[in-house]
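Asker: I would like the atomic coordinates for the input below:
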Amino acid sequence: MVAALALMLVQSATAVHAQAGVDAVSQRTFVQAGQVLLDPGSGRVERHKTIVIESGKVVEVRDGFQGEGQVVDLRDRFVLPGLIDSHTHITFESGPSADMDSVKKTSVDRALDGVLYARRTLYAGFTTIADLGVDPEATLALRDAIAAGKTLGPRIIAAVVVSAHGGHGDIHGFRPDVMRLLAPPGLCSGADDCSRTVRQAVQRGADLIKIASTGGVMSNSASGVGQQMSDEELAAIVRTAHRLGRRVVCHAHGTDGINAALRAGVDAIEHGTYLDAESIRLLKANDAYLVPTLLAGETTRQLARSAAWMPPAVKQKALEVAPNMMSALKRAHESGVKIAFGTDSGVSHHGDNAREFALMVQAGLAPLDAIRSATVWGAAHNGLSAEMGSIAPGKIADLIAVDGDPLRDITELERVGFVMQAGHIVKQ
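Answerer: The predicted model follows:
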């Protein structure tokens, strides 16, 4: 699966970006960088480098400012690899109309919303995202359109959601017959049924499987955030997905659901709000990642205090859950758990993704580690280290630039002024 996704990314890297008004990159481009973090893994800032790009890939990094023909002057900028957000919902954005949107909007409407949100996300410097589901038909269509160069946006690693009947991921808050009509395709009950649902998700084109072992804040249900899928269901999902070459990432807030999912062998925990010492032990033993989504917690906390449209059950969970997310990240990072950057954008506004960095720093991460979570660590989490995460020969030419040094002020990443995706300048 990783090889197939890598092939798709390479094909995307050489696709025509019609909106940019350019042909596929064949001539060499010379990007002159005043300061550049070529490899966030090393943390070494290089000065006065020229990044040579051909056919959408980096072919060479030279000392000094060099080049002829097509030269991109970033001599007064700080250059980094394109950013990776490992938890988004690119065809959705919460707000006062969200409930009625679920009744009124078709998958075509969602996909067209996604075109707008994807462009905002790309302009914010995020050249690759994982979408963890709302409407699989819309997301898979948008993924393929971006990969084919038909529209502009970050590369999408698309999940199809598998969740429990009546749990987080199901429809809540409407009368029963309406909820039956709106029920998403990925619902299951029992181990055998969940295995079948995973197979059908892969059949539909899922790049990975997203599950919800616990309740969720944004579900309009007063059912808490504890475990909702059984141990047997979780084990069946992971076993089936892994046999089919798909990773499994798991929405989990409550301690019981976090640990049950990790015992089942999931590849990542999304949120991880009430993780404990056993959660940390299992994350490390399984070589699994934590995707903390602090921005979602902060956004829902603020909305719970001010948004009249937010249902009471959601408000209560938001006020209880959000304050614990930052301390969970702090404990996990200090214990050596692997961290990948994720925002849960869609809960927050698309294009505001980089606000997550400052929250991560507030939780105790050094700015460099926050950047690593969205570059080298994010690439490793998604099985794409050979294609992205750093600026090196052979990797896709995804670059961003900011005016100041984000290692001194992480909020510089909220003001990305230059974006290159696969050798094409999409923002300058």
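Asker: gap between stretch 126-141 and the chain center?
Answerer: How far stretch 126-141 lies from its chain's middle: 9 Å, per CA atoms, centre = their mean, to the nearest Å.
Asker: state the mean pLDDT of it.
Answerer: Taken as a whole, stretch 126-141 carries a mean pLDDT of 95.
Asker: now residue 331: how far from residue 163?
Answerer: Distance, residue 331 to residue 163, using CB to CB, to the nearest Å: 27 Å. Using the backbone N, CA and C atoms, a C-beta is placed for each residue, glycine as well.
Asker: where does pLDDT dip in the protein?
Answerer: Applying pLDDT under 70 to the chain picks out residues 1-26, 170-174, 179, 183, 216-224.
Asker: what sits closest to the residue lying farthest from the centre of it if chain neighbours are left out?
Answerer: Within the chain, residue 68 marks the point farthest from the mean C-alpha position, 36.7 Å out by CA atoms, centre = their mean. Nearest residue to residue 68 in three dimensions, chain neighbours excluded: residue 30, at 7.4 Å (CB to CB, 6 or more residues apart in numbering).
Asker: didn't that neighbour look like it was pressed against residue 72?
Answerer: Yes. Using CB atoms under 8 Å, residue 30 makes contact with residue 72 at a distance of 7.0 Å.
Asker: looking at these two, which is more packed in?
Answerer: residue 72 (22 against 19; other CB atoms under 10 Å).
Asker: residues in contact with that one?
Answerer: Listed by CB atoms under 8 Å, 6 or more residues apart in numbering, the contact partners of residue 72 are 29, 30, 31, 32, 420, 425.
Asker: who wins on neighbours among those residues?
Answerer: residue 31 (28 neighbours).
Asker: so that residue versus residue 398, what's the distance?
Answerer: 12 Å.
Asker: need the overlap of contacts for the two.
Answerer: Common neighbours of residue 31 and residue 398 (CB under 8 Å, 6+ apart) are residue 420.
Asker: mind listing the helices for the stretch 151-300 of the chain?
Answerer: In the stretch 151-300 of the chain, the helices defined using DSSP state H, counting those that start in this stretch lie at 176-182, 191-204, 231-243, 255-264, 277-285, 294-306.
Asker: and those helices, which is most packed in?
Answerer: Greatest average neighbour count among the helices of the stretch 151-300 of the chain goes to helix 255-264 (a mean of 23), per mean count of other CB atoms under 10 Å.
Asker: mind listing residues that contact it?
Answerer: Contact with helix 255-264 is made by 211, 213-214, 225-229, 231, 234-235, 237-238, 250, 252, 269, 272, 274-276, 278-279, 282-283, 286, 288, as judged by CB under 8 Å, 6+ apart.
Asker: contact partners for the residue lying closest to residue 163 once chain neighbours are set aside?
Answerer: Closest residue to residue 163 apart from its sequence neighbours, by CB to CB, 6+ apart: residue 169 at 2.9 Å. By CB under 8 Å, 6+ apart, the contact set of residue 169 is 133, 161, 162, 163, 184, 186, 187, 212, 216, 219, 251.
Asker: equivalent analysis for residue 135, please.
Answerer: The contact partners of residue 135, by CB under 8 Å, 6+ apart, come to 91, 92, 107, 110, 111.
Asker: again, only using 7 Å
Answerer: Listed by CB atoms under 7 Å, 6 or more residues apart in numbering, the contact set of residue 135 reads 91, 107, 110.
Asker: just to check, residue 388 is in contact with residue 396?
Answerer: Yes. Applying CB atoms under 7 Å, one finds residue 388 in contact with residue 396, separated by 5.4 Å.
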